[in-house]
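Visitor: have a look; sequence and predicted model below, questions after that.
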2 protein chains.
Amino acid sequence: MSSPLEEVCAEVLKRVTPAATERKQVLSLATRLVEKVREEAKEKGVETEVRVEGSVAKNTWLRDCSEIDVFMRVPTTMSREAFGTVCLEIAKKATEGYKQIERFAEHPYLEAIVDNVWVNIVPCYRVKRGGWISATDRTPFHTDYVKPLLDEQKGGEVRLLKRFMKGVGVYGAEIKVGGFSGYLCELLVLNYGSFVEVLRAAADWKKRTIIDYEGHYERRDDAKKLFEEPFVMVDPVDKRRNVAAAVRKERLDEFIAASRAFLKAPDLKFFYPREVEALKVKELVNKINARGSAIVFISFEGIPTVPDVLWGQLYKSQRSLRKMIQQHDFTVLRDDVWSNEKNLNIFIFEVENRFLPNMKRHLGPPLRKRMECENFLRKHVGADSTVSGPRIEEGRWVVDVKRKHTDVVNLLNEKLGDCGRSDGVAELVSKAVADSLEVFVNDEALKLYSANPEFAKFLTEYLEGKQRWLT
Amino acid sequence: MSSPLEEVCAEVLKRVTPAATERKQVLSLATRLVEKVREEAKEKGVETEVRVEGSVAKNTWLRDCSEIDVFMRVPTTMSREAFGTVCLEIAKKATEGYKQIERFAEHPYLEAIVDNVWVNIVPCYRVKRGGWISATDRTPFHTDYVKPLLDEQKGGEVRLLKRFMKGVGVYGAEIKVGGFSGYLCELLVLNYGSFVEVLRAAADWKKRTIIDYEGHYERRDDAKKLFEEPFVMVDPVDKRRNVAAAVRKERLDEFIAASRAFLKAPDLKFFYPREVEALKVKELVNKINARGSAIVFISFEGIPTVPDVLWGQLYKSQRSLRKMIQQHDFTVLRDDVWSNEKNLNIFIFEVENRFLPNMKRHLGPPLRKRMECENFLRKHVGADSTVSGPRIEEGRWVVDVKRKHTDVVNLLNEKLGDCGRSDGVAELVSKAVADSLEVFVNDEALKLYSANPEFAKFLTEYLEGKQRWLT
């Protein structure tokens, strides 16, 4: 008789392992694409080595979720600009007739949808190990490193881990998520041996975890000093790179907590969480009012850029705005940000009270600083800005001065309204905000809610405010 | 030509020095009282040494403010109870026909008003120096110590200092004030030489000041270790007693600040502050509303006890209530207490907001404490008390739970209402509160204001919130 843990894993493994027909289709499509790209490169006279990379190459993709990465390794003599010109042209030619999306993040590449499969055609330099020039030059080395070490059984363990991470919301190295990449999942399975062993280890991860699977460092302390991140997986193909550099502390913590919870009570919900059902409008209003806080929504129009840049700017602006609100003495209970990555972005700042008193305590110098006290008194006694005081409290001068911003909504409208600029708000966000800022409090946001089903789900989850697998 | 400082001091000295006629009257009344007490004691067969003590004996009283202290030194063989029985009877007999008030604080004595002069008739033990039994046994030693050292000129310096301290609100060792006693003023003048030199020194007093005029301690460090108070005046007649033990840190700070301000800009207002004029009701309402805070008034009936006990209990209860309010997450901006020492007491607590959200963040254990995390989740997931969460924030579990008290008025009514008991509220206060509690917010307190002119002045000053001499 098998344990609940084994049963759940067996069931999930069934669901995530591609069927033979899918494998055949995906692999043959990949082969065709490689040949097509080779041809087009030859046509253009570009010397290139074309290979399949990523989960398809390593046989670790999740059933019905394949994404084919075709890499073009070009000579280091080619200019960087060529990635965005001749390489892109080759990629376009190779997928002519299919839907194509040019991606110009740090690294230009082409996305295409071929026979319902997402395809990335990515240029990189053919370099010697260690001679990295562009960000994707390591990828073929990753494939070559992992492939011989992963058999069908280990591949299954990787699939389980990926599905688990997706289910608990920590999968993906993109900025939006800040979670675990596929390559990191593969290395974790290699290091610990299986999906369950990864979770058992994670459940016990302490403040800092450093994994050096290849044994690049003789002493763990050397690696400890070299990297700053709380979780470090030394790249087997590059000892100076942390494969987990993109993993944010929140995602790491969530993975640890989810691992513990799953091991304690194995359940399919960790892999396949229930879809969030948006609250009905009336329920929503009740829920918001029952909190008694002030939930402030800042909405503005889309920002024309790639997701990683968009989310980078959104997160940066979120932090700056939170800080700004706090510096004006409002107590921020929680904050979040949502985007449809097209035409609408929404910050949420939940504060204890929308309003603050009209005056604020201003601490002056301690009595022992005689000159400073004199200056303080000269400045505040009878000043227009003084509401009451100065007086001495606990050994220092104190005065109550008029508070400039007593309404968080006015504060935000003023700081963001004019030119959208507030200290630290990212540039693209500033621009979008300047053109389209709207600030709502509590049920004033119903309009946004009703018009955007995805935002409705997001806000419902926000109000729940708990890890998805905690039910 | 004299300096402004000298001019102000000369003017004040004129005002505080008793005229020859007053001196004659006071001294002859004192002599008569001493004789009367002696007679009555003899009548009762009580062996006693009767003497004038205090400012009259030392020629340091302020013009038109004499208070005659007549001490009865009785043998140590008498019981302590006798202070409240036979000694009191003697005192009563001696002042028969005049208004009399029995005082039963730590030390029973009689107050009487004889020919418009306040008289205290106080029993104590005739002990050898150091053999103190009751709290007032040292007084005759103080008189004997100070008297030969204070000539007419030095007496004038003491009068200036007393008047200054009264003016800036730091005079009086009673609990209500927690300031400087007359004896302490005398020692300060002896130590520094003159009124102005006391102020010059005070302006420079640091964190701790220790004065050992008699040189009881060879090393200042010994005195430093023995006493805890921030300001220490070693009693010349008792090396283990701090004459300034009653001086609270606030009063000390205020005296330091006032000394500096006066030396910088000498002015009569330091000695004779302008009377507070209570705001008109409309101005009051405007002032209160302009603050945007919530000023909560807790009124209750009188407490039948002597002022020192009353104020001790009021201050203790004020501290406890402040703490209780803060523990319920309300932000207390300032608080104060007023009493007419008869039939009405009022606490003031000014809070940032009357209302708090219905939920409150409850911090759980950090992730690394695995067992505690499990217990936390078991307790809070899906609980009735949970509003949202649990979720992980900055490495620890967090949950938003229902807040029990969202209205500071309800909180106070509940905590004080039933039996008047709240942790730390002094017993007599509890009882009075139980019978007569009323809680008002902002302009709801107009009733109290209009019915009690002294409270009206107090609240006006509270709203000003500044040291009296800062104009």
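Guide: Structure received. Values in this document were obtained by computation on a predicted structure and should not be read as measured data.
Visitor: so where's the stretch 1-150 of chain A shaky on pLDDT?
Guide: A:1, A:105-106 (pLDDT under 70).
Visitor: which residue ranges form the helices in it?
Guide: A:4-16, A:20-44, A:54-58, A:81-84, A:86-94, A:139-146 (DSSP state H, counting those that start in this stretch).
Visitor: so which of these gets nearest chain B?
Guide: Among the helices of the stretch 1-150 of chain A, the nearest to chain B by C-beta to the nearest C-beta is helix A:4-16 (17.5 Å). Every residue, glycine included, has its C-beta placed from N, CA and C.
Visitor: for B:Ala434, find the nearest of the helices of the stretch 1-150 of chain A.
Guide: The closest of the helices of the stretch 1-150 of chain A to B:Ala434 is helix A:4-16. By C-beta to C-beta, the value is 59.0 Å.
Visitor: so what touches the closest one?
Guide: By C-beta atoms under 8 Å, 6 or more residues apart in numbering or on different chains, the surrounding residues in contact with helix A:4-16 are A:2, A:62-63, A:156, A:159-160, A:162-164, A:195-196, A:263, A:266-268, A:271.
Visitor: sorry, back to before: just put the helices of the stretch 1-150 of chain A in TSV and tack on mean neighbour count.
Guide: Listed next are the helices of the stretch 1-150 of chain A as TSV, based on neighbours: other C-beta atoms under 10 Å in any protein chain shown:
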stretch	mean neighbour count
helix A:4-16	15
helix A:20-44	16
helix A:54-58	23
helix A:81-84	16
helix A:86-94	22
helix A:139-146	20
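Visitor: tabulate the ones you listed (CSV), appending distance to A:Asn442.
Guide: Shown next, in CSV, are the helices of the stretch 1-150 of chain A (distance: least, C-beta to C-beta, whole Å):
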stretch, distance to A:Asn442
helix A:4-16, 41
helix A:20-44, 48
helix A:54-58, 44
helix A:81-84, 46
helix A:86-94, 48
helix A:139-146, 48
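Visitor: grab the nearest non-local neighbour of the residue in the stretch 201-350 of chain A that chain B sits nearest to.
Guide: Closest approach of the stretch 201-350 of chain A to chain B (C-beta to the nearest C-beta) occurs at A:Gly292, with a separation of 3.6 Å. Among residues not flanking A:Gly292 along the chain, B:Asn358 sits closest, at 3.6 Å (C-beta to C-beta, 6 or more residues apart in numbering or on different chains).
Visitor: likewise A:Arg403?
Guide: A:Lys360 (4.4 Å).
Visitor: repeat that for A:Val26.
Guide: A:Val26 sits nearest to A:Ser66 (C-beta to C-beta, 6+ apart), 4.7 Å away.
Visitor: and that neighbour, how far from A:Leu310?
Guide: Going from A:Ser66 to A:Leu310 by C-beta to C-beta, to the nearest Å gives 26 Å.
Visitor: what residues does the stretch 201-350 of chain A have near chain B?
Guide: Residues of the stretch 201-350 of chain A lying close to chain B (C-beta under 8 Å from any C-beta of the partner chain) are A:203, A:206-207, A:249-250, A:253-254, A:256-257, A:260-261, A:264, A:290-293, A:333.
Visitor: out of the residues you listed, which are inside strands?
Guide: Judged by DSSP state E, these include A:Leu333 as members of strands.
Visitor: which residues in the stretch 301-450 of chain A form strands?
Guide: Taking DSSP state E, counting those that start in this stretch, the strands of the stretch 301-450 of chain A run over residues A:332-339, A:344-351, A:359-366, A:386-393, A:396-402, A:438-441.
Visitor: can I get the ones you listed in JSON lines including mean neighbour count and mean pLDDT?
Guide: Conversion of the strands of the stretch 301-450 of chain A to JSON lines gives the following (neighbours: other C-beta atoms under 10 Å in any protein chain shown; pLDDT from 0 to 100):
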{"stretch": "strand A:332-339", "mean neighbour count": "19", "mean pLDDT": "96"}
{"stretch": "strand A:344-351", "mean neighbour count": "22", "mean pLDDT": "97"}
{"stretch": "strand A:359-366", "mean neighbour count": "18", "mean pLDDT": "95"}
{"stretch": "strand A:386-393", "mean neighbour count": "22", "mean pLDDT": "95"}
{"stretch": "strand A:396-402", "mean neighbour count": "21", "mean pLDDT": "96"}
{"stretch": "strand A:438-441", "mean neighbour count": "18", "mean pLDDT": "95"}
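Visitor: with distance to A:Val243 added, can I get those in TSV?
Guide: Output for the strands of the stretch 301-450 of chain A, formatted as TSV (distance: least, C-beta to C-beta, whole Å):
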stretch	distance to A:Val243
strand A:332-339	27
strand A:344-351	30
strand A:359-366	48
strand A:386-393	54
strand A:396-402	52
strand A:438-441	41
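Visitor: the residue nearest to A:Gly292: how many residues sit nearby?
Guide: By other C-beta atoms under 10 Å in any protein chain shown, the residues close to B:Asn358 number 17.
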